[in-house]
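**Q** quick one, structure for this:
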Amino acid sequence: VKGGASDLLAQTAIEKRQFTLWTKPNENTVDFGRVLAFSTFSGGYLGCGQHYIYNVLFGSLFGVARTFKTAVKMTLCDLFV
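**A** So this is what the prediction gives:
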């Protein structure tokens, strides 16, 4: 939802496109296909994919202990890999 909402905001506020549902699409109206693409990407990769990477994969690689040492390992892996 956030990805689609942010693209909708970008199209209407920055690109100055018109938000119209019942007219024929053109270069001056919101591209709802693009909004759908951003929504799908943000839900699929940013939601599910990053949940798997940061909660499942990192947990299996570094353990689930909430210590400073584990947090440093996870942060360094996130920064450099």
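**Q** who are the packing partners of the longest helix along the chain?
**A** Criterion DSSP state H: the longest helix present in the chain is helix 68-80. Helix 68-80 is packed against helix 58-62, with contacts defined by 3 or more Cβ pairs under 8 Å, 6 or more residues apart in numbering; DSSP states H and E. C-beta here means a position set from N, CA and C on the backbone, and glycine is covered the same way.
**Q** for the helix it packs on, packing partners?
**A** By 3+ Cβ pairs under 8 Å, 6+ apart, helix 58-62 packs against helix 68-80.
**Q** and the pLDDT for Trp22?
**A** On the pLDDT scale, Trp22 is placed at 81.
**Q** look up how far Thr29 lies from it.
**A** Separation of Trp22 from Thr29 (Cβ to Cβ, to the nearest Å) stands at 10 Å.
**Q** and the two? Which one has more around it.
**A** The neighbour comparison of Trp22 against Thr29 (other Cβ atoms under 10 Å) goes to Thr29, with 15 against 4.
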